[in-house]
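Undergrad: my questions concern the predicted model and sequence given below.
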There are 4 protein chains.
Amino acid sequence: MTEAPVRRRDRERTRSELLRVATEAFAEFGYDGTKVDEIAERTHTTKRMIYYYFGSKEKLYIAVLENAYRGIREAEQSQHVGDLEPVEAVRRIAELTYDHHRNHTDFIRLVSIENINHGRFIRRLDSLRELNQPALGLLEDVLERGRLDGSLRSDVDSIDVHLMISSYCFFQVANQHTFGYLFERDLMAEDRRDHYRDLIGDVVVAWLSR
Amino acid sequence: MTEAPVRRRDRERTRSELLRVATEAFAEFGYDGTKVDEIAERTHTTKRMIYYYFGSKEKLYIAVLENAYRGIREAEQSQHVGDLEPVEAVRRIAELTYDHHRNHTDFIRLVSIENINHGRFIRRLDSLRELNQPALGLLEDVLERGRLDGSLRSDVDSIDVHLMISSYCFFQVANQHTFGYLFERDLMAEDRRDHYRDLIGDVVVAWLSR
Amino acid sequence: MTEAPVRRRDRERTRSELLRVATEAFAEFGYDGTKVDEIAERTHTTKRMIYYYFGSKEKLYIAVLENAYRGIREAEQSQHVGDLEPVEAVRRIAELTYDHHRNHTDFIRLVSIENINHGRFIRRLDSLRELNQPALGLLEDVLERGRLDGSLRSDVDSIDVHLMISSYCFFQVANQHTFGYLFERDLMAEDRRDHYRDLIGDVVVAWLSR
Amino acid sequence: MTEAPVRRRDRERTRSELLRVATEAFAEFGYDGTKVDEIAERTHTTKRMIYYYFGSKEKLYIAVLENAYRGIREAEQSQHVGDLEPVEAVRRIAELTYDHHRNHTDFIRLVSIENINHGRFIRRLDSLRELNQPALGLLEDVLERGRLDGSLRSDVDSIDVHLMISSYCFFQVANQHTFGYLFERDLMAEDRRDHYRDLIGDVVVAWLSR
DNA sequence: AATGAATGAGGGTTCATTCAT
DNA sequence: AATGAATGAACCCTCATTCAT
């Protein structure tokens, strides 16, 4: 049959379409809130295909999670601050992290959902830990440079710095609804974006520089 | 029969037991992940009573959410830092907030869940915004004192400070599973509790003092 | 206690209010479609009172049915055609019946509902058969007069005449929704009322007179 | 296996069996009185299949209603009176309508039920109005013929004639229980069938001929 | 005479998944 | 490799009614 190559191309296309649609759905509704039928309806194929390609809702979700982390890691690799002085580099990392989070709300929500699930599924993704984490490596390099030239404190752990920056950036996206409602302040407002980006930069620099 | 008063007391007891059990269930499984039957089974009454007292799963969840926020607000009111110098007071606020979050993981999870729900339910709780927010009031007082005596920067907004502290504290609890797994670091480990409490204090002081 | 008479008045008032509200509800929603809660909500008392006064939904419905028939019989008794010639009297009976049906749609609907129920409940109302049926008595008198003076056919049964007239009048009210929709003709339109009243009069006169 | 074709055939068979059983059930118990479980139990399949094929109880009922009307319209098409003189033709139409109603009590009851529902569902069946109504067409033809040869009155509307005949025939079936009980007369008794058929013929002829 | 509290039994519906080719 | 048909098990919720003074 001459359809074979076409089939093959469809095969990959179908799979990746399912993955894309499932990512949107899980990010929007959570794990339990997402219905397999709902995903199928947003697709050009049928529900049956989800089982054909992924086996179960759980496995589809795990594929979505892995895919999302992989995409994020790849995006992080494009970050470069090597040509900046350590203090400015650390500020830049905070700012890049901020923008990065704001630009990947689906990913943030998936991480939130996974934590609601007590991290039940991420544990099955050994590959994730093995993927080196560019963001952390970058930070370690800068902190080391700062230590050597005396511009940054030497008594902080890179993971703690990452934690501080991530917490702030994550919260803005993940908790925007409750925080926005309770304090009548839209954390995602475009006209406050610069302000919030500067803020984490200022804090980190104030904390780390000496 | 002497059971009459018991029965009458049961009314309030049944309602509050349902609320308590439901809080645990929703915090553990999320909104969609929680089954009404499941709540009933953990109770001494029947599923029917949930509908008798609360009307629907949704209304029960909203009652849980309101109750959780109310409890937190009350707990916040017991915080006092009035006798400390501004710099130390601001450090203390950060530390109290940290402990506060660690001690109320159910509440943190409910907030996470509510955000996954796009804050759909919290909007129905007008009362929440009207409840004054003690944590914020305390912070405003301290920042004002610091402004007056020159010990703290005068160009920061109290909500931004609250945001920074909250982000850090929230993340530790809310994202412990993914962060813990990926960085092989248990953020909730008891022997690192002091370290993480000091950390947010240091950061805030470094940021705000002058 | 001086409240006794007040109580007694309330008692009757409560019972008759329940009956009135239940009549409306059953007529609107049918037997199964009517919820005991729904009736209670439209009342100034509680659902519990329905059981107190009537014992069950079924018994309430039966009370409604009996009450409705009793009201109709009473209304029929006010009809008089004794001073008209037989032919005109029979026409008048048809016309009065027509108006009578149009003015008692709740009753019509209750009868329809009872037939949907295969007449399950009306059979328990022995009293109904014993109540003499004024409409039929009136008709018998007129037919007898017509027989005697030769103005009306003598070979028809009064129940058959009653059946013919009732069928027409009943249908107009009972089937107005399907007929109105299918033939795009509103049988209850006020501006066609005279036409439809005349029609049954014409038919009956054409049939019976000689 | 030889069951393959059987399975495929089952699809249509299952659907039509559900429709048939549902028709009986709705006609017997009314819309609210019919339980989905009940329908399923009278079937060789499960309750789940009702939702698979029809989506909801409401949609099943609508399918039943449409199907019933469609069957009636088809049955009406087999009526022929073209070779009779107008007067006899109009009598024949009345008689055919009478038998037609007596032979389709399920349909009559469904129409009654639909009217108790205020015609809520029939309005969704646009198709019904578009289906030409053979009974009415037939009547129009005959009235026109009678007008031309002077044997029938020319001042009556075909829909009014249809209304008169339908009312009588419908009532006999629809109200048999209350009428039968109150007047101790079984309208459906086989030995009175001819009498009641003749009766509507006589009335219509007396009314329309001249 | 009157009533607030409680409830067992079922109601319609949806879910993720498997059957059978 | 791909798919249309079918489904058991739950799920949230409502019903008429009774309990216990």
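TA: Thanks, I have it.
Undergrad: biggest helix in chain A, by residue count?
TA: If each helix of chain A is counted by residues according to DSSP state H, the longest one is helix A:4-29.
Undergrad: can you tell me how far residue A:199 is from residue B:209?
TA: In this structure, residue A:199 and residue B:209 are 16 Å apart, going by CB to CB, to the nearest Å. For glycine as for every other residue, the C-beta is placed from the backbone atoms N, C-alpha and C.
Undergrad: low pLDDT regions in chain A?
TA: Chain A contains residues with pLDDT under 70 at A:1-9.
Undergrad: spell out which parts of it neighbour DNA strand E.
TA: Applying the criterion CB under 7 Å from any atom of the strand, the portion of chain A that neighbours DNA strand E consists of A:34, A:35, A:36, A:37, A:47, A:48, A:51, A:56, A:57, A:58.
Undergrad: which of residue A:199 and residue B:209 has more residues huddled nearby?
TA: The neighbour count for residue A:199 versus residue B:209, taken as other CB atoms under 10 Å in any protein chain shown, is higher for residue A:199 (21 against 16).
Undergrad: before we move on, back to that, any part of the very next helix or strand once past the longest helix of chain A near DNA strand F?
TA: Remark: after helix A:4-29, the chain's next helix or strand is helix A:36-41, criterion DSSP states H and E. No - with CB under 7 Å from any atom of the strand as the measure, helix A:36-41 is seen stopping short of DNA strand F, the closest distance being 9.1 Å.
Undergrad: buried residues, helix A:36-41. List them.
TA: When burial is assessed from 16 or more other CB atoms under 10 Å in any protein chain shown, helix A:36-41 yields the following buried residues: A:38, A:39, A:40.
Undergrad: ok, now stretch A:77-87?
TA: Of the residues in stretch A:77-87, those scored as buried under the neighbour-count criterion (16+ other CB under 10 Å) are A:81, A:85, A:86, A:87.
Undergrad: before we move on, the earlier item: what's the longest helix of chain A packed up against?
TA: Using 3 or more CB pairs under 8 Å, 6 or more residues apart in numbering or on different chains; DSSP states H and E as the contact criterion, the neighbours of helix A:4-29 among helices and strands are helix A:36-41, helix A:47-54, helix A:57-76, helix A:105-116.
Undergrad: do the first one and chain B meet at all?
TA: No - with CB under 8 Å from any CB of the partner chain as the criterion, chain B is not reached by helix A:36-41; the gap is at least 12.3 Å.
Undergrad: what's in contact with that helix?
TA: Outside of helix A:36-41, the residues within contact range by CB atoms under 8 Å, 6 or more residues apart in numbering or on different chains are A:18, A:21, A:22, A:25, A:29, A:46, A:47, A:49, A:50, A:57, A:60.
Undergrad: between these, which sits nearest DNA strand E?
TA: Distance to DNA strand E across the contacts of helix A:36-41 (CB to the nearest atom of the strand) is lowest for residue A:57, with 3.5 Å.
Undergrad: would you mind naming what in chain A lies close to DNA strand F?
TA: Selection of chain A residues close to DNA strand F by CB under 7 Å from any atom of the strand yields A:7, A:10, A:11, A:45, A:46, A:47, A:48, A:49, A:51, A:52.
Undergrad: only whichever of the residues you listed are buried, select them in ChimeraX.
TA: Of the residues of chain A next to DNA strand F, the buried ones can be selected in ChimeraX as follows, counting by 16+ other CB under 10 Å:
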select /A:45,49
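Undergrad: greatest separation within the residues of chain A next to DNA strand F: which pair is it?
TA: A:7 and A:47 (20.1 Å; CB to CB).
Undergrad: OK, contacts around residue A:97?
TA: With contact taken as CB under 8 Å, 6+ apart, residue A:97 is in contact with A:135, A:165, A:166, A:169, A:200.
Undergrad: please, which helix or strand holds it?
TA: Residue A:97 belongs to helix A:86-102 when assigned by DSSP H and E.
Undergrad: can you list the domains in chain A?
TA: Using automatic domain parsing, the domain ranges for chain A come out as A:1-55, A:67-208.
Undergrad: show me which pair in the buried residues of stretch A:77-87 is furthest apart.
TA: Farthest-apart pair in the buried residues of stretch A:77-87 is A:81 and A:87; separation 11.1 Å (CB to CB).
Undergrad: what is the burial count for residue A:203?
TA: 24.
Undergrad: list the contacts of it.
TA: The contact partners of residue A:203, taken as CB under 8 Å, 6+ apart, are A:94, A:164, A:168, B:164, B:203, B:207.
Undergrad: could you rerun that using 7 Å?
TA: Going by CB atoms under 7 Å, 6 or more residues apart in numbering or on different chains, residue A:203 touches B:164, B:203, B:207.
Undergrad: spell out which helix or strand contains it, please.
TA: For residue A:203, the host element (DSSP H and E) is helix A:193-208.
Undergrad: show me what counts as buried in that helix.
TA: Residues of helix A:193-208 classed as buried by neighbour count (16+ other CB under 10 Å): A:196, A:197, A:199, A:200, A:201, A:203, A:204, A:205, A:206, A:207, A:208.
Undergrad: quick check: closest non-adjacent residue to the third one.
TA: Meaning residue A:199. For residue A:199, ignoring the flanking residues on the chain, the nearest one in space by CB to CB, 6 or more residues apart in numbering or on different chains is residue B:160 at 6.1 Å.
Undergrad: repeat for the last one
TA: Nearest residue to residue A:208, sequence neighbours excluded (CB to CB, 6+ apart): residue A:152, at 5.0 Å.
Undergrad: relative to residue D:111, how far out is the one you found?
TA: The gap separating residue A:152 from residue D:111 is 86 Å, by CB to CB.
Undergrad: before we move on, what about residue A:65?
TA: Between residue A:65 and residue D:111 the distance is 56 Å, computed by CB to CB.
Undergrad: within range of chain B, give me the residues from chain A.
TA: For chain A, the residues found near chain B under the criterion CB under 7 Å from any CB of the partner chain are A:30, A:32-33, A:109, A:111-116, A:118-119, A:122-123, A:128-129, A:159-160, A:164, A:166-168, A:170-171, A:174-175, A:177-178, A:181-183, A:185, A:199, A:202-203, A:206-207.
Undergrad: where's the helix holding residue A:203 relative to the chain centroid, distance-wise?
TA: Taking the mean of its C-alpha atoms, helix A:193-208 sits 20 Å from the chain's own mean (CA atoms, centre = their mean, to the nearest Å).
Undergrad: and for stretch A:21-32?
TA: Here stretch A:21-32 is found 15 Å from its chain centre; the criterion is CA atoms, centre = their mean.
Undergrad: go on, stretch A:92-102?
TA: For stretch A:92-102 - counting by CA atoms, centre = their mean - the centre lies 11 Å from the chain centre.
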